[in-house]
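Participant: Quick check, what structure comes out for this input:
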Amino acid sequence: MQSLGPVVLICLLGGVAVAVQASFAGKLSDTVGLVGNGLIVFTGGFLFALLLWLIFQGGQISKWRSIPWYVYLAGPLGIVIISSIGYAIPRIGVASTLTLIVATQLIVGVILDHFGWLTIPRPVDLQRLIGIGILFLGTWIVLR
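Facilitator: You can find the predicted model right below:
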């Protein structure tokens, strides 16, 4: 089994990026609106991805035809994510917005795991139900 150290570090970096990026999205939405926010964020993301693609000589992009059609919904879903964050942060703050989003992600993740949709099956057990209950409680506390 591989060490979790690198995975944990990458996840921590991702967590920092989400919080900072979410704050930026809130400012963007206040200034240029939800559509402008999405356009600016995804144009910047596209340009950065293009730069990485050029540096790494295309990676495995040639395999794009083997991807199921529904996986391409990741792009439009990204617009939903960034727009909802941009809309909510100026109204309820960064912590409340991220708490709601993360709690929702985890609950949907448990459902996806339970049924094996888009992932390996991992049935809901008592521990996970307790975790969901704690999530609801924590979310309620943060939003108060």
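Participant: could you point out where the protein is predicted with low confidence?
Facilitator: The chain contains residues with pLDDT under 70 at 1-2.
Participant: can you map out the helices along it?
Facilitator: 5-55, 74-92, 94-115, 126-143 (DSSP state H).
Participant: Return the residues in contact with Ala88.
Facilitator: Each residue near Ala88 by C-beta atoms under 8 Å, 6 or more residues apart in numbering is listed here: Gly26, Ser96, Thr97, Leu100. Quick note: C-beta positions are derived from backbone N, CA and C, even for glycine.
Participant: Give me the nearest residue to the spatially most central residue of the chain, chain neighbours excluded.
Facilitator: For the chain, the residue nearest the mean C-alpha position is Ile81 (7.0 Å; C-alpha atoms, centre = their mean). Once flanking residues are discounted, Ile81 sits nearest to Ile101: 7.8 Å by C-beta to C-beta, 6 or more residues apart in numbering.
Participant: Please tell me which one of the contacts of Ala88 counts the most neighbours.
Facilitator: Counting neighbours by other C-beta atoms under 10 Å, the top entry in the contacts of Ala88 is Thr97, with 25 neighbours.
Participant: Output the helices of the chain in a markdown table; the columns should cover distance to Lys63.
Facilitator: Listed next are the helices of the chain as a markdown table, based on distance: least, C-beta to C-beta, whole Å:
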| stretch | distance to Lys63 |
| --- | --- |
| helix 5-55 | 14 |
| helix 74-92 | 15 |
| helix 94-115 | 23 |
| helix 126-143 | 33 |
